[in-house]
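Undergrad: I'd like to go over a predicted model; first the sequence, then the structure.
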Amino acid sequence: MKRRLFISAMAVFIAAVLSCTSVVPAFAGASVEGIPVINIEGINSDTLYENIGTPEERAVFVPSQEAILKASARLALPLSRVLIDRDFRRFGDTFIPVAYDIFDPISCNPDGTSKYNVGIKSDMTLPQGYQFDRTLTFNYDWRRDPMSVADDLKAYIDYVKRETGSKEIDLIPNSMGGVVAAAYLMKYGSADIDTLILRSCAVQGVSLVGELFTQNVSVDEQVIKNFIRGMMKDEALADEINLGLDAAGVYGFGVGFVNELIRELKGRAYDEVLKKVYATMPGIWSLVPDKYYENAKAMMLDEQANAALIEKIDAYHYGVQCNLKKILDGVIESGTKLALTSNYGLQGIPLTPNIYAQTDYLIDTVYTSAGATCAPLGSDLGVDYIQAVADGHNHLSADRVVDASTCMYPEYTWFIKGMVHTQFNADYYEMISWILNADTQPDVFSDARYPQFFILNKAENTLSPLTAPQPGAPTLIQNLARLLDALQAAFVLR
């Protein structure tokens, strides 16, 4: 029974984790009269195709339902067997080739160029009838070197300006789109940009990628529970699901099994899949934070075989990520308005030992905010904590979890508690429109409607100032009572 429940729970969890690599923002139109607004999408926001425009054209990523079903069929019997006999070596003989077959079509050569004829279907044209009434979107192949993608962005911006007659554009990248924007700014400056808003951007990396590229992989029972609770709209229901899985023994059995699987197969998984597929992608390297970067290169790359790739990724890492303050200072000095938005309060993806970071479930708050000081997840900075930088303004959140005074730009950085990565709502876009339409540089004190800290009401999908009273979480007794009621309704206990 535990094994059947574990397999079902594992399927749901894998689906949730895969969704993390294909987050499509809840997108409302942001528009400014006479100025085109361009969004740069995040990782995996556009389908990758092989042999575009030929009879052999096919989508290769995200894997098709057919490919996933075939892989599942190949793994069903070996997975059932390994749950009983714990012969991980034999299981790996099936699992590793299946994983490689799924991801090989998007892999790159040792120099970082695409191994196969794979890319996106790029459309540089304006939407029919465009009258500055909607947000334009720039898509790109996220595997590529962001310094090269920046050239494509430059061409697109020039095209939009030429077709609309506008002298400037507004740039509002989200997630990995911030990497492309930063590379563009380093190469071309901000003379063409009226407003730059970095929305939950990975401009300083993602600890998840850093941990995975330094081969720190593990799962933790409580972290998975926190992750499920943060992802679900109904937190009380999430608690009931967690309690039910716990009572059935799925967590105890499953977490132990997965960690044993990781210990036994990690070496092969890295050598035969991850190093060959993801470690050869320049775009993925742009997401490795500086604290992990050199160790990750030593563990994932070969100095000789990957020399050309290393030259590319070093150019971005040291020229852009580590140079971000200088780049953004130049943005401000040019007269371009600047804003950053960052989320916190959610458990990150439960695949690494870095379990206490404040995140939006995908990217760390310290990175999307460019430097905020954050309490470990589930705690606060303490009643005696004093704001780190005494700049004459209060930048400490009402829940004492975030100190924004250590951000690169504390006056221009807004935070939302409880909002999932890029799942922006109408209230959020009202603030974005306010920033875009401001005549001068706005800050977190410019308008009482838009303070530095917000909190998301999950049930209503609205934002309110964090100083507003927060609803109390259900108690354990209340959750147990609700679980018992649910069991009674389902099984008619006698």
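TA: On my side now, so go ahead.

Undergrad: my read is that Gly119 contacts Tyr49, right?
TA: Yes: here Gly119 reaches Tyr49: they are 6.8 Å apart, a contact under Cβ atoms under 8 Å. C-betas here are computed from N, CA, C, even on glycine.

Undergrad: which neighbours do the two share?
TA: When contacts are counted by Cβ atoms under 8 Å, 6 or more residues apart in numbering, Gly119 and Tyr49 have no shared neighbour.

Undergrad: now the most centrally placed residue in the chain. Nearest residue, chain neighbours left out?
TA: Centroid-nearest residue in the chain, with Cα atoms, centre = their mean: Leu362, separated by 3.9 Å. Of all residues not flanking Leu362 in the chain, His421 sits nearest, at 4.1 Å (Cβ to Cβ, 6 or more residues apart in numbering).

Undergrad: show me the contacts for Ile313.
TA: Counted by Cβ under 8 Å, 6+ apart, Ile313 has contacts 112, 145, 282, 285-286, 297.

Undergrad: what's the closest of those to Tyr409?
TA: Distances from Tyr409 to the contacts of Ile313, taken as Cβ to Cβ, are shortest for Ser286 (21.1 Å).

Undergrad: so that closest one touches Cys322, yeah?
TA: No: at 11.8 Å, Ser286 and Cys322 do not qualify as touching, with contact defined as Cβ under 8 Å.

Undergrad: which one's more surrounded, these two?
TA: Using other Cβ atoms under 10 Å as the criterion, Ser286 and Cys322 rank with Ser286 on top: 30 against 13.

Undergrad: about what we covered before: among the contacts of Ile313, which lie within helices?
TA: 282, 285, 297 (DSSP state H).

Undergrad: neighbour-wise, which one of these leads?
TA: Using other Cβ under 10 Å as the neighbour criterion, Trp285 leads the ones in helices among the contacts of Ile313 with 29 neighbours.

Undergrad: what's the closest non-adjacent residue to it?
TA: That would be Ile313: by Cβ to Cβ, 6+ apart, it lies 4.0 Å from Trp285.

Undergrad: hang on, that neighbour in a strand?
TA: No: read with DSSP: H, G, I helix; E, B strand; the rest coil, Ile313 is helix and lies in no strand.

Undergrad: which pLDDT value belongs to it?
TA: Note on Ile313: pLDDT of 99.

Undergrad: distance of it from Phe61?
TA: 21 Å (Cβ to Cβ, to the nearest Å).

Undergrad: again with Lys276
TA: Separation of Lys276 from Phe61 (Cβ to Cβ) stands at 15 Å.

Undergrad: now do Phe424
TA: Distance from Phe424 to Phe61, by Cβ to Cβ: 25 Å.

Undergrad: who's more crowded, these two?
TA: Phe424 (24 against 21).

Undergrad: for the stretch 101-250 of the chain, which segments count as strands?
TA: Assigned strands in the stretch 101-250 of the chain, in chain order: 118-119, 135-138, 169-171, 193-199 (criterion: DSSP state E, counting those that start in this stretch).

Undergrad: return the distance of the shortest one from the chain's centre.
TA: Its chain's C-alpha centre and that of strand 118-119 lie 22 Å apart, by Cα atoms, centre = their mean, to the nearest Å.

Undergrad: let me see the ranges of the helices in the stretch 151-300 of the chain.
TA: 177-188, 207-213, 221-231, 235-247, 250-269, 275-277, 282-285, 290-300 (DSSP state H, counting those that start in this stretch).

Undergrad: could you dump those to CSV with distance to Glu333 and mean pLDDT?
TA: Output for these, formatted as CSV (distance: least, Cβ to Cβ, whole Å; pLDDT from 0 to 100):
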stretch, distance to Glu333, mean pLDDT
helix 177-188, 12, 99
helix 207-213, 31, 98
helix 221-231, 39, 85
helix 235-247, 45, 86
helix 250-269, 47, 92
helix 275-277, 41, 97
helix 282-285, 29, 98
helix 290-300, 24, 99
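
Undergrad: report how many residues lie close to Ala236.
TA: The number of residues packed near Ala236 is 15, by other Cβ under 10 Å.

Undergrad: and for Met186?
TA: Residues near Met186, counting by other Cβ under 10 Å: 21.

Undergrad: for Gly129, see how far away it is.
TA: Applying Cβ to Cβ to Met186 and Gly129 gives a distance of 35 Å.

Undergrad: now do the same end-to-end measure for stretch 226-243.
TA: 12 Å (Cα to Cα, to the nearest Å).

Undergrad: now Phe256: how far from Cys374?
TA: Just to correct that, residue 256 is Gly rather than Phe. Taken as Cβ to Cβ, the span from Gly256 to Cys374 is 31 Å.

Undergrad: what about the two, which has more around it?
TA: More neighbours surround Cys374 than the other of Gly256 and Cys374, with 25 against 12 (other Cβ under 10 Å).

Undergrad: give me the pLDDT value at that one.
TA: At Cys374, pLDDT is 99.

Undergrad: name the nearest residue to it, sequence neighbours excluded.
TA: Cys374 sits nearest to Gln358 (Cβ to Cβ, 6+ apart), 4.1 Å away.

Undergrad: what residues are up against the one you found?
TA: Gln358 neighbours (Cβ under 8 Å, 6+ apart): 344-346, 364-366, 374-377, 401-402.

Undergrad: per-residue pLDDT, it?
TA: Per the predicted model, pLDDT is 98 at Gln358.

Undergrad: and it, how close does it get to Val219?
TA: Counting by Cβ to Cβ - Gln358 and Val219 are separated by 20 Å.

Undergrad: now do the strands in the stretch 351-494 of the chain.
TA: Ranges of strands in the stretch 351-494 of the chain, per DSSP E, counting those that start in this stretch, are 373-374, 402-403, 413-417, 453-457, 462-465.

Undergrad: now the third one against strand 193-199, angle please.
TA: Just to be clear, that refers to strand 413-417. Interaxial angle of strand 413-417 relative to strand 193-199 (axes from the mean of the first three to the mean of the last three Cα atoms, to 10 degrees): 30 degrees.

Undergrad: against which helices or strands is strand 413-417 packed?
TA: Applying 3 or more Cβ pairs under 8 Å, 6 or more residues apart in numbering; DSSP states H and E, we find strand 413-417 packed against strand 337-344, strand 453-457.
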